[in-house]
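Q: predicted model follows, preceded by the sequence.
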Amino acid sequence: QVQLVESGGGLVQAGGSLRLSCAASGRTFGGYAMGWFRQAPGKEREFVAGIRWAGDSTFYADSVKGRFTISRDNAKNTVYLQMNGLKPEDTAVYYCAAGTFLLSTVRGYDYWGQGTQVTVSS
């Protein structure tokens, strides 16, 4: 079992920045690929960014490419999502997830956090 707790969400104006953190506990964090997903009201949960267990491979949804950066610190059991140039359409609950492989599908991840709200005002 892996327990995940997100933090760092909040209210920010368009063009601003936030850094989300996801702290993991339980089984060896370093062995898992990590992903960030988001879900806006009335919409399905969607992939945002993912990072391989070693941190040597990342990929992003087209909608955030060039604005968001995912990283991880295995010594601290933490994964981060740096979000710059935020837009109102980035408003959502953001979730981190852990899985065996670096995938972009909800079904590809085994463990999920409770989420943190990000609201971007125009």
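A: Ah, there it is. Numbers count the residues shown, from 1 in each chain.

Q: could you use CA atoms for every contact and neighbour count after this?
A: Noted.

Q: which residue packs closest to residue 11, ignoring adjacent ones?
A: Nearest residue to residue 11, sequence neighbours excluded (Cα to Cα, 6 or more residues apart in numbering): residue 119, at 4.7 Å.

Q: sheet partners, orientation included, of the helix or strand hosting the one you found?
A: Secondary structure from DSSP states H and E places residue 119 in strand 116-121. Each strand that pairs with strand 116-121, with its direction, by DSSP bridges: strand 10-13 (parallel), strand 92-99 (antiparallel).

Q: look at residue 103 and give its secondary structure.
A: Assigned state for residue 103: coil (three-state reduction, DSSP: H, G, I helix; E, B strand; the rest coil).

Q: to residue 49, which of the strands paired with strand 116-121 lies closest?
A: strand 92-99 (9.5 Å; Cα to Cα).
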